[in-house]
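>>> quick one: sequence and predicted model below, then my questions.
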Amino acid sequence: MTVSTPPLIPMRTPVPGDAPVPLSIDITPSTLVMSTPAHLLLADDNDEQAPLTGPLTALASQVATTLHQPGMVAAGLISFDATSSRLALCSAPRWADPLLAPYCFGCRHPSWTLKAEPEPAAYLAAVRQAQEMIKAGPLHKVVLARTMVLEADRPLTVKELLAHLPGPNARYVYAAPTGEDTWLIGASPELLVSRHGRTVATTPMAGSAPRSFDPTVDQARALALQGSGKDLQEHRLVVDAVARALAPFCEHLYVPARPQLTATSTMWHLSTPITGRLRDPGTCSLTLAAALHPTPAVCGTPENLAREVIGALEPVERGFYAGLVGWQDAAGDGEWALALRCGAVSGNTLRLYAGAGIVAGSEPEAELAETSAKFSTLLRALRVHTDL
Ligand SMILES: C=C(O[C@H]1C=CC=C(C(=O)O)[C@@H]1O)C(=O)O
C-alpha cells in the first residue's frame, strides 16, 4: 500500500516581518485565514479598496492590474458556479508557519441541535435519480452534496471554531469572510492548483472511503479503495479532465499512471499529485484556476450537464462550498484549494456541506455514508457527537 506524502510546494522564503507560529491568532471579522502545508496567511481587507466580487474568468486580469506593489496579495473565496468571488486586496499580508494542531485548550463548547437538509431519504432518492440519468447517458459522473444545519445555544465566533480545525492531514485550514458577519470555515484535503514561478502543482482527489477507529478495518478499507474499479474509474475521470485543462499551459506535465492513497483524520482518498512547468512564465495562478474549475471532483462529466443536474437535484445552493479558497500575489504565484469539508457560519448557525461523486457503479447507501464521514471532519473537530 502506498500512502502519499503532501504535494511538493516550495516553501516561501521568509522575509523580515514574518512571525513564528502564533499562539493566538489576531483576526478581525474581515480577515482571511488560510493555513497550507507551507505557511499560514492572514490577509485583511484593504480599507481603500473594496474586495473583488466578479466572476472567476475576470479575476486574473483584475488582480494583475490591482496588485501594483510587491508583497500585496488578493485572497479569499470563489463560488462553486464561478460567477462570484470575494477576494480581499491586502497590502500587508501576515505570513507565519502553518497551523499543525488545534490551538484551543479547555474552551466551553456550545450545545448543538442538528438537522439534515435534505433528509437522508431524499438524498438517497436524488442519488438514484442521478444514476438513472447516468444509465440513459451522456452523463458519466455527478457530485451530489447535502447539508447538515447545526444550531448552537449561543452566537458562534470564527476565532473559536477555527482554533479546533487544524489537525493531521487537514492540509488547507481556512476561515474566509463571505459577507457582513458571515464566514466559510473548513479543513480541506484538496489542492486545485498552485503556481510558484514556473512550477504548477495540483492534486486531484476522487474515490473515497471513511476511516475506521479499528486499525484492521481501517487498513482493509484503504486496500479495498485502492483496488475498487468503481473508485478508480471515478478518479480517472477527474485526472483526465485536470491533465487536459493544464496541458495547453505547460511544457512538461507529469501525470502519475496510478493514484496514491491519501489519509485525512476521517477519510481515505485516491489522489494523484500532478506537476508541470509553465510554457509562459506570465501565466498566473488565477488563469490556471479558471481553466480547471470546476473539475469533476466537485461537479461531474460532461461539466455543463453535471451542473444542470446539481441545480435540479440539490435543494440547497452551494454558494462558496466546492468553490475555491486561496491567494495570489503580485508575481502571479498563488495557491487555490477546493473549499471542501466546510461550513457556513452565521450567528448561531453552522451549515455543513458534503458531497460524493456518483457514477454508474455507485451504491446509494455507501454514498450517503461517505457524505456522513465527510461531515465528521468538522463535527469531530468541534466535539459534536451524533449518529449521522
Ligand atoms: C465533494 C467532496 O469531496 C470531493 C473530494 C474528494 C473526494 C471526493 C469523492 O470521492 O467523491 C469528492 O470528489 C466533499 O468533500 O464535499
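Yep, it's here. Small disclaimer: the values here were computed from a predicted structure and weren't measured. Residues are numbered from 1 along each chain as shown.

>>> alpha carbons only for contacts and neighbour counts from here, please
Noted.

>>> what residues does the stretch 51-200 of the chain put near the ligand?
For the stretch 51-200 of the chain, the contact set with the ligand under CA under 6 Å from any ligand atom is empty.

>>> actually, the stretch 251-388 of the chain.
Proximity of the stretch 251-388 of the chain to the ligand (CA under 6 Å from any ligand atom) is limited to residues 297, 298, 340, 341, 354, 355, 356, 357, 374.

>>> taking those one by one, which sit in strands?
Per DSSP state E, strands hold the following members of those: 354, 355, 356, 357.

>>> now the buried members of the residues of the stretch 251-388 of the chain next to the ligand.
By neighbour count, with 16 or more other CA atoms under 10 Å, these hold 297, 298, 340, 341, 354, 355, 356, 357, 374 as buried.

>>> before we move on, back to that, let's have the ones in strands among the residues of the stretch 251-388 of the chain next to the ligand in TSV, adding distance to residue 335 and pLDDT.
Converted to TSV, those look like this (distance: CA to CA, whole Å; pLDDT from 0 to 100):
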residue	distance to residue 335	pLDDT
354	22	98
355	23	98
356	24	97
357	24	95
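
>>> quick check, residue 104 in a helix?
No - looking at residue 104 with DSSP: H, G, I helix; E, B strand; the rest coil, it is coil, so not inside a helix.

>>> helices along the stretch 101-250 of the chain, start to end?
Residue ranges of the helices in the stretch 101-250 of the chain, as given by DSSP state H, counting those that start in this stretch, are 120-136, 158-162, 215-226, 229-246.

>>> and those, which one's lowest on average pLDDT?
Within these, the least confident segment by mean pLDDT turns out to be helix 158-162, at a mean of 88.

>>> which helices and strands does that one pack with?
Contacts of helix 158-162 with other secondary structure elements, assessed using 3 or more CA pairs under 8 Å, 6 or more residues apart in numbering; DSSP states H and E, are made with strand 172-179, strand 182-188.

>>> the longest strand belonging to the chain - what's its average pLDDT?
Scanning the chain for the longest strand, with DSSP E as the assignment, gives strand 141-152. Mean pLDDT, taken over the full extent of strand 141-152, equals 97.

>>> is it true that residue 72 touches residue 330?
Yes - judged on CA atoms under 8 Å, residue 72 makes contact with residue 330 at a distance of 6.0 Å.

>>> could I get the helices and strands packed on helix 158-162 as a markdown table with mean neighbour count and mean pLDDT?
Compiled in a markdown table, the helices and strands packed on helix 158-162 are given as follows (neighbours: other CA atoms under 10 Å; pLDDT from 0 to 100):
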| stretch | mean neighbour count | mean pLDDT |
| --- | --- | --- |
| strand 172-179 | 25 | 95 |
| strand 182-188 | 25 | 97 |
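
>>> of all the ones you listed, which lies closest to residue 310?
Residue 310 lies closest, by CA to CA, to one member of the helices and strands packed on helix 158-162: strand 182-188, at 20.6 Å.

>>> packing partners for that closest one?
In terms of contact count using 3+ CA pairs under 8 Å, 6+ apart, strand 182-188 is assigned the packing partners helix 158-162, strand 172-179, strand 342-346, helix 364-381.

>>> so which bits of the first one are buried?
Put plainly, it is helix 158-162. By neighbour count, with 16+ other CA under 10 Å as the criterion, the buried positions of helix 158-162 are 158, 159, 161, 162.

>>> check contacts around the first one.
The contact partners of residue 158, by CA atoms under 8 Å, 6 or more residues apart in numbering, come to 175, 183, 185, 345.
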